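Engineer: build me a structure from this.
(chains A, B, C and D)
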2 protein chains.
Amino acid sequence: MQKTVPHAAGLHRASLKKLHDLDAALELMYYGWRGMTLSADQYLATLGLSRPHHRILYVVARQPDVSIGSLIEILGISKQALNRPLSLLLERKMLTSRRSPEQHRSKLLRLTEAGKRTEQRASDYERKVVSEAFDRVGPRGAAAWMAVMGAIADSN
Amino acid sequence: MQKTVPHAAGLHRASLKKLHDLDAALELMYYGWRGMTLSADQYLATLGLSRPHHRILYVVARQPDVSIGSLIEILGISKQALNRPLSLLLERKMLTSRRSPEQHRSKLLRLTEAGKRTEQRASDYERKVVSEAFDRVGPRGAAAWMAVMGAIADSN
DNA sequence: TTCTAAGGTCAATATAGTTGACTTGAAGAT
DNA sequence: ATCTTCAAGTCAACTATATTGACCTTAGAA
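Structural biologist: Next comes the predicted model:
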């Protein structure tokens, strides 16, 4: 049986006094991240999965036959941290793992049909949220959003 | 002594194949959140503080004399989860806690000067990242970003 | 005085990660 | 054929951030 759905922290976008011009932007980033992932996380929770499982499924969907080592690099976590969620996904037959056809040392990961379905549904929840937001501001607004986020993402 | 700075997961924005039109947007949200908080988190880490401490400081800065109960509601965490970081901030004299002047039941939280300084510096790191990104797209782009994020944040 | 609300604390648990120290299994080199 | 190397896998101990549940204290209100 599933656990009760976790608490969905700070859902109700508290209206705090703004000390600076950009405070609204900081808060929007926080609530935006939450808003985008909330429905996907709720869906995943019904399957006993969570964010790290989705991240694995997402990456493997977009890079079939990725090795475990590459996956570790892409996700930026240790192999020990990867181990638990990855094992669960293999056990649940959402992923397959095989040695490379040339009998290489590394294992290659792929999604099964069930894995593809789950990845797609979870990502669909996120895309739906973004898509509806983009619809409200039109293509120029969407492009501006992407440009801002790209600049922020690359700011390190 | 501080611990070695944690691993800064998935820094290098892996270029994954895009299965859907909006995949780039999903990835940008992930890396955008990371990009905005990274330098602030590194600064906080030098003080032995982390995200939850910053969230507390941020809220108290913008709602002085907030009660513990309200803080719990705003942050969306349990009082037990609040307890640790809050105690540390009190111990470090970044916050003061006093009973209401009318000897009320609730305690009122305020930032000390040290608390204000830390809150400001940490938030400055985040504002700087956002500000530079906004500069690249102009006021209309910034407004579009805010509109998209607002729509995403309110999508639940 | 007893009830209630706010705060505080303790214990147990979950999740998501870390480092360190190994083992296993397959390739490649000598 | 053994030895070495490297990817993968496993085990243990730890940290941090959260959760519930149970319980206690404090202080105002009925």
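
Engineer: quickly check: stretch A:112-123 near chain B or not.
Structural biologist: Yes. Shown here: stretch A:112-123 in contact with chain B (CB under 8 Å from any CB of the partner chain) through residue A:123. Where you see a C-beta, it was placed from the backbone N, CA and C, and this is true even at glycine.

Engineer: mind listing what's buried along that stretch?
Structural biologist: By 16 or more other CB atoms under 10 Å in any protein chain shown, the buried positions in stretch A:112-123 come out as A:115, A:116, A:118, A:119, A:122, A:123.

Engineer: so the first one touches residue A:94, yeah?
Structural biologist: Yes. Assessed by CB atoms under 8 Å, residue A:115 is found in contact with residue A:94 at 3.4 Å.

Engineer: common neighbours of the two, please.
Structural biologist: The contact sets of residue A:115 and residue A:94 overlap at residue A:57 (CB atoms under 8 Å, 6 or more residues apart in numbering or on different chains).

Engineer: quick one: mean pLDDT over stretch A:32-48.
Structural biologist: In this model, stretch A:32-48 carries a mean pLDDT of 94.

Engineer: coming back round to it: make a markdown table out of the buried residues of stretch A:112-123 and add pLDDT, distance to residue B:72 and secondary structure.
Structural biologist: Compiled in a markdown table, these are given as follows (pLDDT from 0 to 100; distance: CB to CB, whole Å; DSSP: H, G, I helix; E, B strand; the rest coil):
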| residue | pLDDT | distance to residue B:72 | secondary structure |
| --- | --- | --- | --- |
| A:115 | 96 | 38 | helix |
| A:116 | 97 | 41 | helix |
| A:118 | 97 | 34 | helix |
| A:119 | 97 | 35 | helix |
| A:122 | 97 | 30 | helix |
| A:123 | 97 | 33 | helix |
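
Engineer: closest to residue B:88 among those residues?
Structural biologist: Residue B:88 lies nearest to residue A:122 out of the buried residues of stretch A:112-123, by CB to CB, at 35.5 Å.

Engineer: now do the contacts for the closest one.
Structural biologist: Listed by CB under 8 Å, 6+ apart, the contact set of residue A:122 reads A:40, A:43, A:44, A:54, A:57, A:58.

Engineer: could you dump the residues you listed into TSV and include neighbour count?
Structural biologist: As requested, the contacts of residue A:122 are exported to TSV (neighbours: other CB atoms under 10 Å in any protein chain shown):
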residue	neighbour count
A:40	21
A:43	17
A:44	21
A:54	22
A:57	25
A:58	22
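
Engineer: now those as a markdown table including secondary structure and distance to residue B:78?
Structural biologist: Formatted as a markdown table, those follow (DSSP: H, G, I helix; E, B strand; the rest coil; distance: CB to CB, whole Å):
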| residue | secondary structure | distance to residue B:78 |
| --- | --- | --- |
| A:40 | helix | 23 |
| A:43 | helix | 24 |
| A:44 | helix | 22 |
| A:54 | helix | 25 |
| A:57 | helix | 30 |
| A:58 | helix | 30 |
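
Engineer: sweet, I'm off.
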